[in-house]
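Trainee: pasting the sequence and the predicted coordinates here, then a few questions.
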Amino acid sequence: MNQRTHPLLWKQLLQRSARGNLSLQGQIREMLVSAILDGLIAPGSLVPSGRELAEQLGVARNTVVLAYKQLADEGYLLSRQRSGHFVNAEFVAGLRARDPDTGTAQASPAPADWDARLRMRPSRQRSIHKPADWQKFSYPFLYGQFDASLFPTANWRECCLKALSVLDIRDWAPDHINRDDDTLVQQIRTRVLPRRGVWAAADEIVVTVGAQHALYLVADLLVGPQTSLALEDPGYPDARNIFARHTSKLLPIPVDADGLPVDERLHDVDYLYVTPSHQCPTGVTMPLERRRRLLQLADERDLIIIEDDFESENRFGGEPIPALKSLDHNHRVIYIGSLSKSWAPGLRLGYIVAPASLIQEMRALRRLMLRHPSAFIQRAFALFLSLGHHDSQLRRIALAQQQRSRAVLDALARHAPQCQVTPVIGGGSCWLRLPDGVDTAELARRAAARGVLIETGDVFFFGQPAPGPFLRLGWQSIPEKSIEPGVVALGSLIRELQASR
């Protein structure tokens, strides 16, 4: 490439490297590295002088000079006195993968047969699907997604900066092996769990990379091929998939208006997975009396309960019903919680509360998986809790979601009265039954074409086909002003499909 005769090409390369989170100097460095590795600048060739490149890009000469100096320090460029900077041919050759030239024609060896080596195919399990570009859709009625308008940017940035102090860095930067950040565990003990009526010692808590990681730890440690496990139907698909990875003896129990029924079907199972605070996906809450009956049955039948309390904080009014764990006097409940699901699911922070002997083994198993969750994120979140930001964030989210839920339910009553809505008292979604005969997969395809994203209900059911046409309609990530026009479009599509039957 002749750099002197193609100044416009440098500008195009710089535009391609432009990113809001990079300084101008960083963008120039990235541009030059890409040009070198992509072969646009030949190894050993002279790059433009700092003054020349600065003029071509319309930037300060010192910005280019500093970028050149750093690339020379890293080995990409060689600086020769009075000659300028050259591409370091030996360094680039070491970075590029080259096919050896044997000089003779040889038959290519057979590629590895990975299909024959796979012991399982997780990609074929039925899971919740959300398009990666969901934020580009006008009406994303999705559950469990990020809402930029509700993210506490200033408060979270403050906590991250505090965690970057010299003393804090010395605390979290070393390898913790299988330990957690002591300050985060203390905050979970004193600020998070008491709101659910749960009291635990420090050695009864382990931090996880989200609630889903917690479920995998529990399953890997406790569930084997001969283990029988009951779970809700419909229920959380990833929990079903995780447990199915370990045992085929799964017992789906249909839920009712109060969640999981407590009856003789639970008499002969080893474990029960349940979401009592906001049943996934219907959103119903298990009453206190049923919770007590369930714990009594657990004592009588030697049953262990895995309680997923993923959305316990998000209640629209009244006092929250105590967690099952708070009523457990005989250590029969393994309690799983999430710290970030409702406002920043990308942080991936959860925890498990269980007897100390079980937590000790979970820490040892976690060490084999990933040692421990990011110690920096743990410290930043501990500060977020201790400064009261988490409490205020939960109140803010609860208010926003209460307003959005009211807007969704009102719009459904006006524009889709043919849908049956399961009443909810909190959470970020509602469960709909559509008129019989409506193809939910076709509805989802047509809705997406009009900018409306919905979650079909079939993936939540254990058996196939699903017992009817259901949808989970979420309001966590959709602006309130977009709710009514989105429901109008959805109601119109439902009527179209009804008419075409």
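Mentor: Structure received.
Trainee: run through who's touching the helix or strand that contains R290.
Mentor: Under the criterion of DSSP states H and E, R290 resides in helix 288-301. The contact list for helix 288-301 (CB atoms under 8 Å, 6 or more residues apart in numbering) reads 258-260, 262, 266-268, 272, 274, 276, 286, 303-305, 321-322, 324, 327-328, 330, 332-333. Where you see a C-beta, it was placed from the backbone N, CA and C, and this is true even at glycine.
Trainee: that one: which residues count as buried?
Mentor: R290, R291, L294, L295, L297, A298 (16 or more other CB atoms under 10 Å).
Trainee: ok, now stretch 328-337?
Mentor: By 16+ other CB under 10 Å, the buried positions in stretch 328-337 come out as D328, R332, V333, I334, Y335, I336, G337.
Trainee: quick revisit: in strands only, show me the contacts of helix 288-301.
Mentor: In strands, defined here by DSSP state E, the members of the contacts of helix 288-301 are L272, V274, I304, I305, V333.
Trainee: filter these down to the buried ones.
Mentor: Judged by 16+ other CB under 10 Å, buried ones among the ones in strands among the contacts of helix 288-301: L272, V274, I304, I305, V333.
Trainee: avg pLDDT for stretch 395-411?
Mentor: In this model, stretch 395-411 has an average pLDDT of 93.
Trainee: buried residues in that stretch?
Mentor: Result for stretch 395-411 [16+ other CB under 10 Å]: buried residues I397, A398, A400, Q401, Q402, R404, S405, A407, V408, L409, A411.
Trainee: who's in contact with it?
Mentor: 141, 147, 150, 152, 313-317, 342-343, 421, 424, 426-428, 430, 473, 475-476, 478, 480, 483-484, 486-488.
Trainee: the stretch 401-501 of the chain: strands as residue ranges?
Mentor: 420-421, 429-433, 452-453, 455-456, 470-474 (DSSP state E, counting those that start in this stretch).
Trainee: with the stretch 101-250 of the chain instead?
Mentor: 139-140, 205-208, 229-233, 250-254.
Trainee: packing partners for the last one?
Mentor: It stands for strand 250-254. strand 229-233, helix 237-244 (3 or more CB pairs under 8 Å, 6 or more residues apart in numbering; DSSP states H and E).
Trainee: among these, which is the most enclosed?
Mentor: Neighbour counts (mean count of other CB atoms under 10 Å) averaged over each of the helices and strands packed on strand 250-254 peak at strand 229-233, with a mean of 23.
Trainee: now the angle from that strand to helix 237-244?
Mentor: Inter-element angle recorded for strand 229-233 and helix 237-244: 160 degrees (by axes from the mean of the first three to the mean of the last three CA atoms, to 10 degrees).
Trainee: identify all contacting residues around strand 229-233.
Mentor: 223, 239-240, 243, 247, 249-255, 259-260, 265-266, 269-275, 279-280, 461-463.
Trainee: isn't T227 up against A244?
Mentor: No - assessed by CB atoms under 8 Å, T227 is found out of contact with A244, at 11.6 Å.
Trainee: thought P225 was touching T247?
Mentor: Yes - between P225 and T247 a contact is recorded at 5.7 Å, counting by CB under 8 Å.
Trainee: the two - which one has more neighbours?
Mentor: T247 (17 against 8; other CB atoms under 10 Å).
Trainee: give the contact list for that one.
Mentor: V223, G224, P225, Q226, T227, S228, L229.
Trainee: mind listing the helices for the stretch 101-250 of the chain?
Mentor: 114-117, 153-163, 166-172, 182-187, 210-222, 237-244 (DSSP state H, counting those that start in this stretch).
Trainee: many thanks, I have nothing further to ask.
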